[in-house]
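Q: need a structure here:
(chains A, B, C and D)
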There are 2 protein chains.
Amino acid sequence: MSENVEFLKTNALFKNASPQFLKDASAAISVKRFDKNFVFFINSDEAQSFYFIKQGWVKLFRETLDGSQAIVDICTGGHIFGETAIFENNQYPYSAEAVEPCEIATIPLDLLKTEIETNNKFALDMMGSMARYRRQQDREIEHRALQNAPQRIGCFLLRLADQTADGGVTIQLPYDKMLVASRLGMQPETFSRALNKLKEKTGMEIKGGTIKLDDLEKLTDFSCSACSSSFPCNDLQSCK
Amino acid sequence: MSENVEFLKTNALFKNASPQFLKDASAAISVKRFDKNFVFFINSDEAQSFYFIKQGWVKLFRETLDGSQAIVDICTGGHIFGETAIFENNQYPYSAEAVEPCEIATIPLDLLKTEIETNNKFALDMMGSMARYRRQQDREIEHRALQNAPQRIGCFLLRLADQTADGGVTIQLPYDKMLVASRLGMQPETFSRALNKLKEKTGMEIKGGTIKLDDLEKLTDFSCSACSSSFPCNDLQSCK
DNA sequence: ATTGCTCCTTGACCGATGTCAATTGAGTGG
DNA sequence: CCACTCAATTGACATCGGTCAAGGAGCAAT
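A: Model prediction:
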């Protein structure tokens, strides 16, 4: 039995994957649906597989001794997670949990490891992917140091906004406000208040998870002054 | 004329460097002393070279439109910087400045690029290095979200502490307190006050940049409770 | 010793965010 | 339709960290 693995190509990382890798993956891959709150693995688990998201959202996080949770990333369709265990003595460096029902492909890490070791083009792509992630993390640190809560939310929204429309823009939050809050490193209460402040400043309309704004520039003026990249930011990727 | 490039081997990244790379590097490398405050390059400069630190400290940072500065990293002997430009369309993703007199080797980026593309072992080491950096960044984000100022300082000190001694420990700050503060994402005033609080809590003795502590455990108890890794942290690297 | 410099510390104050508690609102299952 | 649950909001308050301003400490040059 073998699965069609064409969907892997939706992630640029796999554009130079070798026929052998695709063949092996096709034989070894398992594609399944998972319920909300399903835990794929927890921090420091022994790693056998990495995961490719076909559908849905997955949160990556770590927990401290005293019970708090830090979000590492929140990923969706086309992204992979758990692959970094290759470089971490085969232990996952974070925990992973479905935040809504999702469809996930499970792939043996060994295949990825072999591909990296034998296919130089693939290795280069992998490095590119890691570099992109690094840029993202660097900016994340910068934002948390220099932007206040409303600005961070503004920046987050800008990444979601469809820039094609130069008139009004409609932004749809991809998941719970609670989750957006922790993604941005703030409490839900702070998020709620900060979003209100942002509304005052930019005249946006908020209804549930849907946000309408007629002048995108008001938002960039407000958020991007405390950032070292100028809008439009050239790296809109999440996860890898 | 050719330089001895053996010193590169002090960075694990170069342990599998090809003879050809070392030979080319030897011919193309330039080793020089730079004064404090020398600027190697600024964010988004066109990149020709990467840099290897033989001696001294270098800060990597980015600046926002409104003039604030975010420290990306602070590196010292054995570390390289500027190499990520390879993956950033040949533009440096941050600025770099000497924070004290240093001795730096300048090496053409092309050599590194060629080596990555042709020497698979080297590529793997490079990925390992990038992964290590990623882990560090992830934890940095976590710390800024979950630890308060005194805890962050404590964690920083623990990384500097020589664990061999199980009796008293002496820790020497590697550079100015002002710089430590910005490295930890806080104001100098906050740093000063937070260090005092840490002193109260753990009974450490502070004289200038030298800190003495007879019981390391007091420090770990205080700092590591708000962290997801347990002491001793397994990744004490800065930069790469 | 004096001057001037920079780093560092301290105090007073304020704004931003976290915390705790109460309330509202939306969605679900009976 | 009602009860239940959980997300989201709001208010009151505490805490933390940032800001501004004023010393003090260390150090180099004179």
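Q: Give me the helices and strands touching the helix or strand hosting A:Ser26, please.
A: For A:Ser26, the host element (DSSP states H and E) is helix A:19-28. Contact analysis of helix A:19-28 by 3 or more CB pairs under 8 Å, 6 or more residues apart in numbering or on different chains; DSSP states H and E lists strand A:102-108, helix A:109-118 as its packing neighbours. Quick note: C-beta positions are derived from backbone N, CA and C, even for glycine.
Q: residues in contact with A:Ala149?
A: Contacts for A:Ala149 were tallied using CB atoms under 8 Å, 6 or more residues apart in numbering or on different chains; they are A:184, A:186, A:190-191, A:193-194.
Q: now with 6 Å?
A: A:Ala149 is in contact with A:186, A:190, A:194, counting by CB atoms under 6 Å, 6 or more residues apart in numbering or on different chains.
Q: now the strands: where do they sit in chain A?
A: Secondary structure of chain A (DSSP state E): strands at A:30-34, A:39-41, A:49-55, A:58-63, A:69-75, A:80-81, A:95-98, A:102-108, A:169-172, A:205-207, A:210-213.
Q: Deepest-packed of those, please.
A: Across these, the average number of neighbours (mean count of other CB atoms under 10 Å in any protein chain shown) peaks for strand A:80-81, which reaches a mean of 23.
Q: picking up where we left off before, so can I have a markdown table of the helices and strands packed on helix A:19-28 showing mean pLDDT and distance to chain B?
A: Output for the helices and strands packed on helix A:19-28, formatted as a markdown table (pLDDT from 0 to 100; distance: least, CB to the nearest CB, whole Å):
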| stretch | mean pLDDT | distance to chain B |
| --- | --- | --- |
| strand A:102-108 | 96 | 18 |
| helix A:109-118 | 96 | 7 |
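Q: got a markdown table for these, with distance to A:Ser49 too?
A: Below are those laid out as a markdown table (distance: least, CB to CB, whole Å):
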| stretch | distance to A:Ser49 |
| --- | --- |
| strand A:102-108 | 5 |
| helix A:109-118 | 6 |
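Q: out of the ones you listed, nearest to A:Gly56?
A: strand A:102-108 (2.5 Å; CB to CB).
Q: same for the closest one, what does it pack against?
A: For strand A:102-108, the packing partners by 3 or more CB pairs under 6 Å, 6 or more residues apart in numbering or on different chains; DSSP states H and E come out as strand A:30-34, strand A:49-55.
Q: what would the ones you listed look like in TSV with mean pLDDT?
A: Putting the helices and strands packed on strand A:102-108 into TSV (pLDDT from 0 to 100) gives the following:
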stretch	mean pLDDT
strand A:30-34	94
strand A:49-55	97
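Q: Show me which residues of chain A sit near DNA strand C.
A: A:148-150, A:185-187, A:189-190, A:193-194, A:208 (CB under 7 Å from any atom of the strand).
Q: Drop anything exposed from those residues.
A: A:149-150, A:185-186, A:190, A:194 (16 or more other CB atoms under 10 Å in any protein chain shown).
Q: closest to B:Val72 among those residues?
A: Closest to B:Val72, out of all of those and judged by CB to CB, is A:Gly185, at 18.0 Å.
Q: Tell me the pLDDT of the residue nearest to that closest one when sequence neighbours are not counted.
A: Leaving aside its chain neighbours, A:Gly185 sits nearest to B:Ala145 (4.5 Å; criterion: CB to CB, 6 or more residues apart in numbering or on different chains). With respect to pLDDT, B:Ala145 has a value of 90.
Q: is stretch A:135-155 anywhere near DNA strand D?
A: No. Stretch A:135-155 is not in contact with DNA strand D by CB under 7 Å from any atom of the strand; minimum separation 7.5 Å.
Q: Report the buried residues of the helix or strand of chain A with the lowest mean pLDDT.
A: Scoring the helices and strands of chain A by mean pLDDT, DSSP states H and E places helix A:216-224 at the bottom, with a mean of 88. By neighbour count on 16+ other CB under 10 Å, the buried set for helix A:216-224 is A:216, A:218-220, A:222-224.
Q: Appreciated, that's everything.
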